[in-house]
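S.K.: got a predicted model here, sequence first, then my questions.
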Amino acid sequence: MTEQKKINRRQVIKYSLGGAALTALAELVPETAVSKTSDKRNLKTGKIVVVGAGAFGGWTALHLLRKGYDVTLIDQFGPGNNQSSSGGETRLIRAFYDKQIYFDLTCRAVELWKENEPRMGQKVLFQNGLILFNYKQNTPELDVAWPMYKKAGLPIEKISLADAAKRWPQVRTEGLDHIMYDPNAGYLEARKGCIAVADLFIKEGGSFLQQKVQKESIANGKVNSITLADGKVLEAESFVFACGPWLTRLFPALTKKLKVTRALEIFVASPSDQSDFMENKLPTWMDRDLDGPFRAFGVPGSAFRGFKIGITPPMDNNVTDRFDTYDRLVRPEELMLVQKLVASRFPKLVGQPVIEQRVCQYTMTPDTDFILDQHPEASNLWVMGGDSGHGYKLGASFGEMAASTVLKEIKVNELFALKRLLG
Ligand SMILES: Cc1cc2nc3c(=O)[nH]c(=O)nc-3n(C[C@H](O)[C@H](O)[C@H](O)COP(=O)(O)OP(=O)(O)OC[C@H]3O[C@@H](n4cnc5c(N)ncnc54)[C@H](O)[C@@H]3O)c2cc1C
């Protein structure tokens with residue numbers, strides 16, 4: 001077995017390019033977590049099947065493989081497919097959270113991307129920073145997040161509107177109180193990242209199947225096998241279902257409290273006569289008017305795609321009962337929200353045409369915390385999901401945690417337990 005890199009439990013975890021460090025994740029991740037690559041000649045006993053090759057399942061499969069297990073990853077439409085939640089162009093990374101665990105997972109995820117990009121032979125992570133438009137002097141989220149940055153020795157800046165106007169003249173700041181700037185945040189290329197993870201998984205010895213899992217057979221407190229759409233039956237010691245919105249179809253009794261909701265990604269043409277709206281001139285951004293009508297976020301100009309504006313529309317966006325059957329079209333009134341946002345924050349883009357639009361979906365839990373737990377009726381069946389619109393950036397580290405949890409190296413974290421969603 002090739003020893004690629006030993007990560008010491010106490011190893012510092014770097015989020016910044018410059019080397020600011022924190023150690024908190026040592027509490028969450030055991031020493032073996034990312035230490036070895038798999039070699040089929042030296043398999044540990046037990047085959048593991050991971051269903052779903054999105055941000056959560058793909059990374060979980062890779063981590064399990066590196067712990068020496070025989071892992072099969074299955075996806076009905078392929079890694080990062082266009083119907084999945086992970087199928088978009090880009091996803092933001094930001095460490096500000098009101099819970100320490102997500103802050104730590106973000107830092108760890110960034111480290112994992114940096115460590116794995118050379119093995120993938122491509123760049124997926126872009127740390128061009130993030131600016132957060134704040135409408136109030138204090139917000140509960142930032143009051144809690146600020147000390148986490150400080151404790152970790154990571155930079156976070158509170159920028160006055162006068163200074164912001166000098167640094168980012170392409171942003172209109174009217175109505176804001178200030179701007180927060182996290183220079184180590186940025187974005188990941190989402191679909192490309194899932195494909196890169198799956199490719200790496202295969203390169204390192206994992207098996208990938210593009211198939212639909214039709215059903216699992218639970219008997220005597222265990223799943224012994226799953227049946228694929230082509231009738232093939234797969235047996236394994238453990239099964240991880242990281243199926244995004246499809247969890248609501250596969251395990252309806254466990255997922256009654258989940259809601260699948262629409263979110264929009266609109267690409268506006270960058271003006272040809274100025275480069276202000278490319279990622280080297282403007283960080284990623286979030287407009288979180290917590291009392292306002294909608295939340296918006298965006299990535300300027302990744303891969304020359306245009307200026308991306310993401311929006312969670314306020315109206316009629318619950319599609320739990322039809323998420324895989326309706327036409328994913330952006331509505332005229334939703335495009336008006338985008339125009340409103342452009343006028344209020346990026347006036348130089350007013351009049352620029354919309355060049356691409358897509359509808360994507362989150363799987364919301366009532367508390368917005370993820371799910372990672374054993375099925376109550378089957379000790380070897382693991383349910384992973386409930387991304388709540390913030391899971392992509394954390395796929396790498398949450399997958400690492402999932403691998404350790406499935407192998408019982410660490411306990412189920414109560415925050416992600418299923419029991420909170422039952423009853
Ligand atoms: C518009 C938008 C913007 C977002 N922005 C951000 C952001 O800025 N930052 C961030 O961190 N997150 C963001 N997110 C959220 C992020 O994309 C999700 O949290 C993440 O992609 C969830 O990944 P997942 O693996 O849980 O689910 P998915 O990506 O949906 O993967 C589940 C996979 O399971 C497969 N599957 C399901 N059922 C079966 C079956 N029976 N058999 C075989 N395969 C099956 C599916 O084909 C699918 O590929 C955003 C989401 C949207 C929609």
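M.R.: Received, thanks. Residues are numbered from 1 along each chain as shown.
S.K.: which stretches of the stretch 1-150 of the chain aren't confidently modelled?
M.R.: Scanning the stretch 1-150 of the chain with the threshold set as pLDDT under 70 gives 1-44.
S.K.: for Ala164, which non-adjacent residue is spatially closest?
M.R.: Distances taken as Cβ to Cβ, 6 or more residues apart in numbering place Ile179 nearest to Ala164, at 4.5 Å, with adjacent residues excluded. Using the backbone N, CA and C atoms, a C-beta is placed for each residue, glycine as well.
S.K.: quick one: the one you found is in a helix?
M.R.: No: counting by DSSP: H, G, I helix; E, B strand; the rest coil, Ile179 is located in no helix; its state is strand.
S.K.: I'd assumed Ile159 was in contact with it.
M.R.: Yes: look at Ile179 against Ile159 with Cβ atoms under 8 Å: they come within range, at 4.6 Å.
S.K.: so which of those two has more stuff around it?
M.R.: Under the neighbour definition other Cβ atoms under 10 Å, Ile179 and Ile159 were set side by side, and Ile179 has more, 23 against 19.
S.K.: return the backbone torsion pair for the closest residue in space to Pro376 that isn't next to it in sequence.
M.R.: Closest residue to Pro376 apart from its sequence neighbours, by Cβ to Cβ, 6+ apart: Leu418 at 6.8 Å. According to degrees, to the nearest 10, the main-chain angles of Leu418 amount to phi -70, psi -30.
S.K.: look up how far Thr60 lies from the residue nearest to Ala164.
M.R.: Distance check for Ile179 against Thr60: by Cβ to Cβ, to the nearest Å, it reads 36 Å.
S.K.: next: Ala162.
M.R.: Counting by Cβ to Cβ, the separation of Ala162 from Thr60 is 46 Å.
S.K.: who has more neighbours, those two?
M.R.: Per other Cβ under 10 Å, whichever of Ala162 and Thr60 has more neighbours is Thr60, with 32 against 8.
S.K.: tell me which element that one is part of?
M.R.: Assessed by DSSP states H and E, Thr60 sits inside helix 55-66.
S.K.: got a list of what the residue nearest to Pro376 touches?
M.R.: Listed by Cβ atoms under 8 Å, 6 or more residues apart in numbering, the contact partners of Leu418 are Leu254, Ile371, Asp373, Gln374, His375, Pro376, Val383.
S.K.: narrow those to those that are buried.
M.R.: For those, a neighbour count by 16 or more other Cβ atoms under 10 Å gives the buried set as Leu254, Ile371, Asp373, Gln374, His375, Val383.
S.K.: can you tell me which of these is closest to Thr320?
M.R.: Distance from Thr320 was checked for each of the buried ones among the contacts of Leu418 by Cβ to Cβ. The minimum falls on Leu254, at 13.9 Å.
S.K.: quick check: phi and psi at the closest one.
M.R.: Per-residue torsions, Leu254: phi -90, psi -20 (degrees, to the nearest 10).
S.K.: apart from its neighbours in sequence, what residue is nearest it?
M.R.: Nearest in space to Leu254, with sequence neighbours left out and distances taken as Cβ to Cβ, 6+ apart, is Leu418 at 5.9 Å.
S.K.: any idea how far that neighbour is from the ligand?
M.R.: According to Cβ to the nearest ligand atom, to the nearest Å, Leu418 and the ligand sit 15 Å apart.
S.K.: just to revisit the earlier point, with just CA atoms, put the helix holding Thr60 into PDB.
M.R.: What follows is the C-alpha trace of helix 55-66 in PDB, where atoms were taken according to Å, rounded to 0.1, in the frame of the first residue of the first chain:
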ATOM      1  CA  ALA A  55     -20.300  16.500  -3.700                       C
ATOM      2  CA  PHE A  56     -21.100  14.300  -0.700                       C
ATOM      3  CA  GLY A  57     -21.000  10.800  -2.100                       C
ATOM      4  CA  GLY A  58     -18.000  11.200  -4.400                       C
ATOM      5  CA  TRP A  59     -15.700  12.400  -1.600                       C
ATOM      6  CA  THR A  60     -17.100   9.800   0.800                       C
ATOM      7  CA  ALA A  61     -16.200   7.100  -1.700                       C
ATOM      8  CA  LEU A  62     -12.700   8.400  -2.200                       C
ATOM      9  CA  HIS A  63     -12.000   8.600   1.500                       C
ATOM     10  CA  LEU A  64     -13.300   5.100   2.100                       C
ATOM     11  CA  LEU A  65     -11.200   3.800  -0.800                       C
ATOM     12  CA  ARG A  66      -8.100   5.500   0.700                       C
END
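S.K.: tell me how far the closest residue to Thr45 other than its chain neighbours lies from the ligand.
M.R.: Counting by Cβ to Cβ, 6+ apart, Thr45 lies nearest to Glu237, which is 7.5 Å off, once chain neighbours are set aside. Shown here: Glu237 relative to the ligand, a distance of 19 Å by Cβ to the nearest ligand atom.
S.K.: just Ala253 next, same as before
M.R.: 16 Å.
S.K.: now the stretch 1-150 of the chain against the ligand: closest residue?
M.R.: The shortest separation between the stretch 1-150 of the chain and the ligand is 2.3 Å, found at Gly54 (distances taken as Cβ to the nearest ligand atom).
S.K.: just to revisit the earlier point, so how far is the helix holding Thr60 off the chain centroid?
M.R.: Distance of helix 55-66 from its chain centroid, counting by Cα atoms, centre = their mean, to the nearest Å, is 13 Å.
S.K.: stretch 339-352 too?
M.R.: Relative to the mean C-alpha coordinate of its chain, stretch 339-352 is positioned 28 Å out (Cα atoms, centre = their mean).
S.K.: appreciated, that's everything.
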